[in-house]
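# Pasted the sequence and its predicted model underneath.
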Amino acid sequence: MNIGVISDIHSNYHGLKACVDHAILQGADRFLFLGDYVSDCAYPQKTMKLLYELKDSYECSFIKGNREEYMLDHRDCIGAGWVMPSSATGSLLYTYENLTKRDLDFFHSLSISGRMIVKGYPDVLYCHGSMEHTKGILRLGTKETVAVLKAMDAGVLLCGHTHIQGTQEYEGKKLINVGSAGVPFYYQGNAQFGILHGERGTWEEELLQIEYDKNQAAFELHESGLFERASIWARIVEICLLTGVDHSKECLELALFKYREREGKKEWTTLPEVYWQEAAAELGI
């Protein structure tokens, strides 16, 4: 039994296809998808098309991530409105405009977590951020994660969201973060995913980093017009695609600091572009 586990695609069709192709070559007969299928990269419709094709051809389980929740909230007019050009929301709005009713209905149908039960094996829990919240964070190597492992009634917990691949064990239980297939951190930007191997009543993970055409994924950021819609954010994504180095957190935090200092506001969705530009210039992005 070989189960491909893929998370955080972020509309990167090229990274997704590389992971799927490798998983199939390694004998994957089932897939678990852990959310954040869209946003950040170009042409989300290509990613959704491949996911639907896989759903028709293989046993697949899907849950939603926080990016799917963003899309649904925007559809339902929850939260601040999105505008472009804007490095805060321009990329999100571009993604939304390239989704269909089928896509949004599919996102709406998904739970935020799941449990895989296979006779003769320990149960496997899976989520995007945490079992309770799509934006929850299970940080590797922390006491908080030890507490989660200690309390859970399963042998394995699969997650994504942080884009940081790795594992943590406690008393025979294991947390496995499969990393990001679409906008991966580290490993020179190679697409990341995992294969869960089931053999003789035990689960063993294989964490992989797969080379793919990163230049094409980066080119499509320009071709699609994302640089015009969200210039600094698109540049941050481009750097991460090509190098695995992520500047999103430090750039956002610096831009928000400037926003609070000058205007007394802190909502990232309304963050003016001037603060993104100033922060990026200071950080050399």
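Done, it's in. Keep in mind the model is a prediction, meaning the values are calculated, not measured.

# Mind naming the longest helix for the protein?
What stands out as the longest helix in the chain, according to DSSP state H, is helix 248-263.

# Name the surrounding residues that touch it.
Contact with helix 248-263 is made by 232-233, 236, 240, 265-266, 268, 271-272, 275-276, 278-280, 282-283, 285, as judged by Cβ atoms under 8 Å, 6 or more residues apart in numbering. The C-beta positions use only the backbone N, C-alpha and C, and glycine is treated the same way.

# Tell me the spatial nearest neighbour of Q165, not counting adjacent residues.
Closest residue to Q165 in three dimensions, ignoring its sequence neighbours and counting by Cβ to Cβ, 6 or more residues apart in numbering: G179, at 3.1 Å.

# I meant to write I24 there.
Per Cβ to Cβ, 6+ apart, closest to I24 is G4, 7.8 Å.

# which residues of this protein fall in helices?
So, for the chain - with DSSP H - the helices run 13-25, 44-57, 66-75, 90-97, 101-109, 143-151, 214-223, 226-229, 231-243, 248-263, 273-283.

# Could you list the low-pLDDT ranges of the chain?
Low-confidence segments of the chain, defined by pLDDT under 70: none present.

# Out of the helices of the chain, which is closest to G201?
helix 143-151 (19.8 Å; Cβ to Cβ).

# Give me the residues contacting the closest one.
130, 138-139, 157, 168-171, 173-175.

# So which bits of it are buried?
Within helix 143-151, the residues scored as buried using 16 or more other Cβ atoms under 10 Å are 145-146, 148-149.

# ditto for stretch 42-57
Here stretch 42-57 shows 42-48, 50-51, 54 as buried, counting by 16+ other Cβ under 10 Å.

# So I210 versus G194, what's the distance?
11 Å (Cβ to Cβ, to the nearest Å).

# Tell me which of these two has more neighbours.
G194 (26 against 19; other Cβ atoms under 10 Å).

# The more buried one: what's it in contact with?
G194 touches 4-6, 158, 165, 176, 178-179, 205-208, counting by Cβ under 8 Å, 6+ apart.

# now, which of those residues sits nearest Y70?
Looking across these and measuring by Cβ to Cβ, the closest to Y70 is I6, at 19.6 Å.

# Now do the same contact list for that closest one.
16, 19-20, 23, 31-34, 178, 181, 193-194.

# The closest residue to S113 other than its chain neighbours: how many residues sit nearby?
Closest residue to S113 apart from its sequence neighbours, by Cβ to Cβ, 6+ apart: C127 at 4.1 Å. C127 has 25 neighbours, counted by other Cβ under 10 Å.
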